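Q: Take a look and give me a structure for this.
(one chain, ligands or ions: 1)
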Amino acid sequence: NIHTKDIELTECDREAIHHISAIQDFGALIAVTNDWNVAHRSRNIAEIIGDSCDPEIGDPLADYFSSDAIAELRRATSSLFAADTVERLFGVDLRGDGNLFDCAVHQSNNLLVIEIEPHEVEAIDRGLRIIRPVVSKLEQHDSYRSLGDEACHFLRDMLGYDRVMFYRFLPDESGQVIAEAKRDDLETYLDLRYPQADIPQQARALFVRNRFRIIADMSAPSIPVEPAIGADGVPLDMSMSTLRAHSQMHVEYMRNMGVGASLAISIVIDGKLWGMFACHHHEARSLSYGLRTVAELFSELVSLVIERLGNRKVAKRVEASRELHDRLIRSFADGAALSQSLPSLDPIISRAIDIDGISIFIDGSYNAKGHAPTEEEFLSILPQLNASADGRLIITDNLAEKFPGAGSFPARVAGAIILSISRRPRDYFILWRREELQNVTWAGKPGKLQPDSSNGNRISPRKSFGAWEETMRGRSREWSHPEQKLAESLRSSLLEVILRLTDEQAKERA
Ligand code: BLA
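A: As a prediction, the model looks like this:
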């Protein structure tokens, strides 16, 4: 009795997309052994490079490429010392006949993979010329949305796709379109949210290693890479390939969305998938390797700017928590009782964290201010709280999920950060948030993938992308990461105040 959700995960997550043994048709692939003999080849080499270039498996590559070209490729391999690096060569005269090619070279297990595309003169120069003035502009943004907006417009101007989206992943791995540049006549996807299952786990992991994915033509047949199983008994590992053909599942999904060509560039911060640029075009569309390289460089710049923006936000939070700490300590300098302190604490805390109410429960007495449960309501969840609060901090935007009794609070408090402020059980300081109805606009109904019986019970990608509104009840606004961090430092400040107060009381008694 497996849940649909489970099937969908295993089915999609299991597909070995790196072992697909096929490429897209705008380039050719050759993999060679340590002694530069051909170990794998795509079936279209003659079409891409020229009629007389059609190496067989086992042939020395030197029989086909000029010695200068081989030397150049060899030099490129010497810089492939780090894992997952791809060396790029532009304008290589592979056969000594004046025809120029761009090459991407990388190591895959014990083979060297060379991917070859026709060279486009000037692509890089042109790209770099337009990228320069944008870089300094990016730095001026103080929100991800406005930064993304600028970046989307720039990418669309440079690459010419019908639609460019800036997409941010949320903690539940769903993603939301937070900026967009598009052709005027297209409907907007701005703010739409896509469920986690649209990008399976192995595709996410691969997207962190290989950050740039172009699909030049959703309806072009892919070109086989031969032999499908290599001399070592396994298919060629194509994780770092630039030409790799894509999962049919994904291609079908994109076609259902009306997309003829796509480009996805991941944004990785601290080794984690933070977001992506997703470009859609209704017709087929390919970009030269040079232009793709400029776009990739640009997205790396955007990643750095995002990281810096994140750091600036952290710095602001550190400042806010220092101020919070100082004010707290100052307001207790005269030995005021903590349990009576809410009227003075409320404005201090509200300045740093967006709250609707606060309570304090200390030595069995409860005080609350603003939008907070009554004493009776609080006492009703206290046993559950005592049982679960082994940690120092409980953070929730769905109180009833953590404490079933809280669902019926007439006050409709739905979010809380509960700080445990004593070593012995159990004194608490609590920040509250009201219930707020949230509308999430999903692009297509999530969690509704059904095995398709006409298709051997396989999961097919969804066909419906109509915006579908979900109203979420019983939730407050989410506590942001900075707010959670601030709450942590608030707890240490409170503990310090408590220590001081007990010290002073002890001195007075002595
Ligand atoms: C891959 N799905 C992806 C990728 C993206 C999305 C960005 C990786 C990048 C790429 O290769 O293009 C999803 N693309 C989106 C979304 C938008 C977009 C949400 O532009 C919104 C604007 N997909 C499904 C189901 C399965 C599935 C049910 O919906 C599996 C059964 C599979 N998606 C799937 C697979 C890949 C993928 C297998 C990897 C494709 C590959 O690299 O070969």
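Q: Doesn't D149 lie inside a strand?
A: No: assigned with DSSP: H, G, I helix; E, B strand; the rest coil, D149 falls outside any strand and is helix.
Q: Show me the shaky parts of the stretch 201-350 of the chain.
A: Residues of the stretch 201-350 of the chain that meet the criterion pLDDT under 70 lie in 333-336.
Q: Next: the stretch 1-150 of the chain.
A: 1-10.
Q: What strand or helix carries whichever residue of it sits closest to the ligand?
A: Here the stretch 1-150 of the chain gets closest to the ligand at one residue, C12, 3.0 Å apart by C-beta to the nearest ligand atom. Placement of C-beta: from N, CA and C, glycine included. Element membership of C12 [criterion: DSSP states H and E] is helix 4-14.
Q: A71 now?
A: helix 67-77.
Q: right, and the helix or strand after that helix?
A: strand 87-93.
Q: Give me the angle between that next one and helix 67-77.
A: On the basis of axes from the mean of the first three to the mean of the last three C-alpha atoms, to 10 degrees, strand 87-93 is oriented at 170 degrees to helix 67-77.
Q: Paired strands for strand 87-93, with orientation please.
A: strand 100-108 (antiparallel) (DSSP bridges).
Q: What strands flank whichever helix or strand comes after the strand it pairs with, and is each parallel or antiparallel?
A: Sequence order places strand 111-118 as the next helix or strand after strand 100-108, per DSSP H and E. Looking at strand 111-118 with DSSP bridges, its partner strands are strand 28-32 (antiparallel), strand 100-108 (antiparallel).
Q: hmm, who's touching the last one?
A: So that's strand 100-108. Strand 100-108 has contacts (C-beta atoms under 8 Å, 6 or more residues apart in numbering) with 31, 49, 73, 76-77, 80, 84-94, 112-121, 236-242, 288-290.
Q: Among those residues, name the buried ones.
A: Applying a neighbour-count criterion of 16 or more other C-beta atoms under 10 Å, the buried members of those are 31, 49, 73, 76-77, 86-90, 92-94, 112-117, 119-120, 236-242, 288-290.
Q: Stretch 481-496: how far from the chain's middle?
A: 27 Å (C-alpha atoms, centre = their mean, to the nearest Å).
Q: er, stretch 432-450 I mean
A: That offset, for stretch 432-450, works out to 19 Å (C-alpha atoms, centre = their mean).
Q: Could you pull out the buried residues of that stretch?
A: W432, R433, R434, E435, E436, V440, W442, A443, G444, P446, L449.
Q: min pLDDT across the residues you listed, which one?
A: Lowest in pLDDT among the buried residues of stretch 432-450 is L449, which has 55.
Q: how much space between L273 and G175?
A: Separation of L273 from G175 (C-beta to C-beta, to the nearest Å): 9 Å.
Q: Neighbour count for these two, which is higher?
A: G175 (23 against 18; other C-beta atoms under 10 Å).
Q: Tell me the bridge partners for the more buried one.
A: F169, Y194.
Q: Read off the pLDDT value for it.
A: So, for G175, pLDDT stands at 90.
Q: before we move on, the earlier item: show me how far the helix holding A71 is from its chain's centre.
A: Distance, centroid of helix 67-77 to centroid of chain: 37 Å (C-alpha atoms, centre = their mean).
Q: And stretch 247-263, by the same measure?
A: For stretch 247-263 - counting by C-alpha atoms, centre = their mean - the centre lies 20 Å from the chain centre.
Q: for stretch 498-510, same thing?
A: Per C-alpha atoms, centre = their mean, the centroid offset for stretch 498-510 relative to its chain is 50 Å.
Q: Kindly format the C-alpha coordinates of it as CSV.
A: Provided in CSV are the C-alpha atoms of stretch 498-510 (Å, rounded to 0.1, in the frame of the first residue of the first chain):
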residue,chain,number,x,y,z
ILE,A,498,18.2,36.2,34.9
LEU,A,499,21.6,35.3,36.1
ARG,A,500,22.3,38.9,37.1
LEU,A,501,19.0,39.2,38.9
THR,A,502,19.5,36.1,40.9
ASP,A,503,23.0,37.2,41.7
GLU,A,504,21.7,40.5,43.0
GLN,A,505,19.0,38.9,45.0
ALA,A,506,21.6,36.6,46.6
LYS,A,507,23.8,39.6,47.4
GLU,A,508,20.8,41.4,49.0
ARG,A,509,20.0,38.4,51.1
ALA,A,510,23.6,38.1,52.3
